[in-house]
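Trainee: The sequence isn't on hand, but the structure is:
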């Protein structure tokens, strides 16, 4: 391993760590405090201490602030659309959102993001996340990017880390990380530090609430318990439901088809979705159907809202992204299945996910037709992202440096050499999984964007 | 608990954390590399990787560097003379010694060193340690004081802490701290971080070896294992034997007589030593006898050497501290028992600890006579320390701020209220001991000067 001074020089890449994008093509639509709170919390699996957010909205003196964290390791894939779509709700409701690019966490796991790549990966993540918001038609003037290294190595932060370490028991730290930290026989200390660091981020990013997947629940309740013990405020915590991977109900780390890159070509998207597990009538274990509910319908609704707002404001709508509805759909529709009339098919229009889900369950909606609609919707989302990438020499250069071919080949080589040892019965989740396998190769836990610290901290 | 920003202002007390005392009245006596190595390692319980020190001495291009750490919590007591006397050997052998005043560790345990007192206690420790060296006649021109906060909260150090946390397993950290970290049912995370922090200190203080008590052995071997994994050098580790408390072979946290303050009056010293456990013929559990071997004889030898050097250099010896030998002692004597001729007693002179120990075992040396000699020797050591304190308004002011009466009364009050719950069988060492009892109130573990992190980190 290299010497720290070199590491620090490399990590110290950003003299001004906070970037702001103020080019919002859309107006914020705050509405009443109640409407804003409804927008902030809709579709969530759970809300803790929502009353503190309501209080800020009711008082009306400032916008609520929130953070969502992601470690710039592997290339962001389609699963990132799940949290980003929800963040779209926050931004529309006037929430000031901070995206934490946890570069320190990323670099600390050399296998996931080797040191010499972290800076480039951080830049790559910024590029793609910003572009995704643009493609989703989400205003980003209240969006801020912060890199972890800009404050996680400061005197104040680290003194607080020590204070926390002298306050938190091993037992509580282990319990907090139980769902996101790999439960191996001999865990690393980083896994125990992790919940505390994530708690401190709330204070140091100055937010009112943290957003993440429901798998973060224990980490969030840990933060609610321990921040006040350091004299800091207890934050609200908003949690997305977990969305299964596109590859099916079960995770499949070795299946490259379960992961769709955000820069993927339309052909590859089509091929991968066609190959995805999507059993007729099965609405329980169905990554494709879940993706429609968690990503496509909300985005379609968002796009409808934007168009309606533009119309009301007397602005042109030609350049605005279109909702995923076909011609002749009723006004309330948010998703259409456009069957080929050549085969006697007729279009179905859905105004809610529940009706679409019901049709699928009742075998009125065939997996093939659903997949075709999903492929089209995904490609309509990815198109502007790909175009932005292809028109930006800088981004292409960043991508080349962030994910050089030699490095991305490495884990595959390793896998072939690996001998699988079955875990002892009753031992954690994936206790014998090697670090090389820990890369987020499935969308099954898409909201857990800061990867498990046993591997990443 | 107070807010971090305040803490930081208070901790940031020292713009120039490194102090150097270059007023050495004595010449260094380096001798040959072999002689210097013998001086560095004599009387130690164990030496790990001594060959690296030998190599530096043989090469002769620079002096070896060493560090010894102490957390500025309770008032330094007589037990501190054990490591300081050994440090005297290092300094005489030309070793550049750093005394780490671990203020961050000290403050992190509010019970041991409340926040508003840490700065003053650090200053108090500096004053007393410097003065002790002066009283022992030990040159301090190669002695450096460093406060932990001057580097333990920097970007580099903390990045290395994270790197280490991502390298060290919980199991290894726990094993390393087993003897110095309290083995309670639900330990604090700080206890697990502790061995890693102590290892990093070696790198950040730039030393060739660390010195401590033999109870530090597992922490030291941990450092030898893990520092190279971060790309840093493996250091040598020199360990003092453990010396039992003056109160007797067993520790006695509640016995104030087992602790003699370095500013104690001669009367109180006499009273406490007279009360100390020192059973006739018992050389196994005998804190008084051990103290003679670990502190008084080495100091006496040191003083003899200084006088001999001064004589050889044609310098006056009147101002030099005298060895603990009586009139009429042979040249080789380092300790005398001067019995009162009124009771028919005759003086005994000892050239080695072994002969004195043998006499005690054979009942030729009575505890009462030993104690009288010990009281005189201790008072001769403490006299210049007390005088320095009494002649320094600044020091008195520092002492008043560092140990205000209200605070030192507190633990006593608490003790009275405390109900003792016996620990479950087989559970660690002192698992139910409260923080209030964790103050170093016995000399039994005098070399473990950085207190157990469960309480102090």
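Mentor: Yep, it's here. Treat the numbers as computed from the prediction; the structure is a model and nothing was measured.

Trainee: drop to CA atoms for contacts and neighbour counts, all remaining ones
Mentor: Noted.

Trainee: Give me the buried positions along the lengthiest helix in chain A.
Mentor: The helix of greatest length in chain A, counted in residues with DSSP state H as the criterion, is given as helix A:367-390. When neighbours are counted by 16 or more other C-alpha atoms under 10 Å in any protein chain shown, the buried residues of helix A:367-390 are found to be A:367, A:369-375, A:377-386, A:388-389.

Trainee: same check, this time on stretch A:217-229
Mentor: Within stretch A:217-229, the residues that count as buried by 16+ other C-alpha under 10 Å are A:217, A:218, A:219, A:220, A:221, A:222, A:223, A:224, A:226, A:227, A:229.

Trainee: so which of these comes closest to chain B?
Mentor: Comparing those against chain B with C-alpha to the nearest C-alpha places residue A:229 closest, at 7.0 Å.

Trainee: Next one: that closest one relative to residue B:358, how far apart?
Mentor: 57 Å (C-alpha to C-alpha, to the nearest Å).

Trainee: Also residue A:98?
Mentor: When C-alpha to C-alpha is applied, the distance between residue A:98 and residue B:358 equals 74 Å.

Trainee: what's the answer for residue A:81, then?
Mentor: The value you get for residue A:81 to residue B:358, if C-alpha to C-alpha is used, is 81 Å.

Trainee: Please apply the same query to residue A:96.
Mentor: Taking C-alpha to C-alpha as the measure, residue A:96 falls 79 Å from residue B:358.

Trainee: Ok, residue A:402 next?
Mentor: With the distance defined as C-alpha to C-alpha, residue A:402 ends up 73 Å from residue B:358.

Trainee: ok, these two, which is more surrounded?
Mentor: Neighbour totals were compared for residue A:402 and residue B:358, and residue A:402 leads with 27 against 14 (other C-alpha atoms under 10 Å in any protein chain shown).

Trainee: Now intersect the buried residues of stretch A:217-229 with the helices, please.
Mentor: When the buried residues of stretch A:217-229 are checked against helices (DSSP H), the matches are A:217, A:218, A:219, A:220, A:221, A:222, A:223, A:224, A:226.

Trainee: Give me every residue in the stretch 101-250 of chain A lying close to chain B.
Mentor: When proximity is defined as C-alpha under 8 Å from any C-alpha of the partner chain, the stretch 101-250 of chain A approaches chain B at A:108-109, A:153-156, A:158-160, A:162-163, A:165-171, A:186-193, A:229-232.

Trainee: pretty sure residue A:157 contacts residue A:151?
Mentor: Yes. Look at residue A:157 against residue A:151 with C-alpha atoms under 8 Å: they come within range, at 7.0 Å.

Trainee: what touches both of these two?
Mentor: With contacts taken as C-alpha atoms under 8 Å, 6 or more residues apart in numbering or on different chains, residue A:157 and residue A:151 have residue A:204 as neighbours in common.

Trainee: who has more neighbours, these two?
Mentor: In this view residue A:157 and residue A:151 are compared by other C-alpha under 10 Å, and residue A:157 has more residues nearby, 20 against 17.

Trainee: Can you check the pLDDT for that one?
Mentor: As predicted, residue A:157 sits at a pLDDT of 94.

Trainee: who are the neighbours in contact with it?
Mentor: A:151, A:200, A:204.

Trainee: what residues are up against residue A:88?
Mentor: Taking C-alpha under 8 Å, 6+ apart as the definition of contact, the neighbours of residue A:88 are A:133, A:138, A:139.

Trainee: which of these tops the neighbour count?
Mentor: Using other C-alpha under 10 Å as the neighbour criterion, residue A:138 leads the contacts of residue A:88 with 28 neighbours.

Trainee: any idea whether the residue lying closest to that residue once chain neighbours are set aside is helix, strand or coil?
Mentor: Using C-alpha to C-alpha, 6 or more residues apart in numbering or on different chains and skipping residues adjacent in sequence, the residue nearest residue A:138 is residue A:88, 5.6 Å away. For residue A:88, the secondary structure call by DSSP: H, G, I helix; E, B strand; the rest coil comes out as helix.

Trainee: quick one: pLDDT of residue A:88?
Mentor: 90.

Trainee: all helices in the stretch 301-450 of chain A, in order from the N-terminus.
Mentor: Taking DSSP state H, counting those that start in this stretch as the test, the helices found in the stretch 301-450 of chain A are A:353-361, A:367-390, A:393-402, A:405-417.

Trainee: tell me the mean pLDDT for the third one?
Mentor: Averaged across helix A:393-402, the pLDDT comes to 95.

Trainee: List the contacts of that helix.
Mentor: Around helix A:393-402, the neighbours that count as contacts under C-alpha under 8 Å, 6+ apart are A:117, A:118, A:119, A:120, A:121, A:123, A:124, A:127, A:389, A:390.

Trainee: And the residues you listed, which two are furthest apart?
Mentor: When C-alpha to C-alpha is used, the two most widely separated members of these are A:118 and A:390, lying 22.3 Å apart.

Trainee: Where does pLDDT dip in the stretch 351-457 of chain A?
Mentor: Low-confidence segments of the stretch 351-457 of chain A (pLDDT under 70): A:406-457.

Trainee: cool, chain A as well?
Mentor: Counting by pLDDT under 70, chain A contains low-confidence residues at A:1-30, A:108-113, A:180-185, A:247-258, A:406-457.

Trainee: check contacts around the residue nearest to residue A:351 when sequence neighbours are not counted.
Mentor: Closest residue to residue A:351 apart from its sequence neighbours, by C-alpha to C-alpha, 6+ apart: residue A:333 at 4.1 Å. Counting by C-alpha under 8 Å, 6+ apart, residue A:333 makes contact with A:325, A:349, A:350, A:351, A:352.

Trainee: do residue A:381 as well
Mentor: Under the criterion of C-alpha under 8 Å, 6+ apart, the contact partners of residue A:381 comprise A:135, A:136.

Trainee: Look up how far residue A:308 lies from it.
Mentor: In this view, residue A:381 and residue A:308 are 20 Å apart by C-alpha to C-alpha.

Trainee: Next: residue A:265.
Mentor: The spacing between residue A:265 and residue A:308, counted by C-alpha to C-alpha, is 31 Å.

Trainee: Also residue A:330?
Mentor: 14 Å.

Trainee: do you know how far residue A:282 is from residue A:274?
Mentor: Applying C-alpha to C-alpha, the value for residue A:282 to residue A:274 is 16 Å.

Trainee: Tell me where the stretch 251-400 of chain A has strands.
Mentor: Assigned by DSSP state E, counting those that start in this stretch, the strands in the stretch 251-400 of chain A fall at A:335-337, A:348-350.

Trainee: Arrange those in JSON lines, one row each, with mean neighbour count as further columns.
Mentor: Below are the strands of the stretch 251-400 of chain A laid out as JSON lines (neighbours: other C-alpha atoms under 10 Å in any protein chain shown):
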{"stretch": "strand A:335-337", "mean neighbour count": "24"}
{"stretch": "strand A:348-350", "mean neighbour count": "20"}
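
Trainee: I am finished for the moment; much appreciated.
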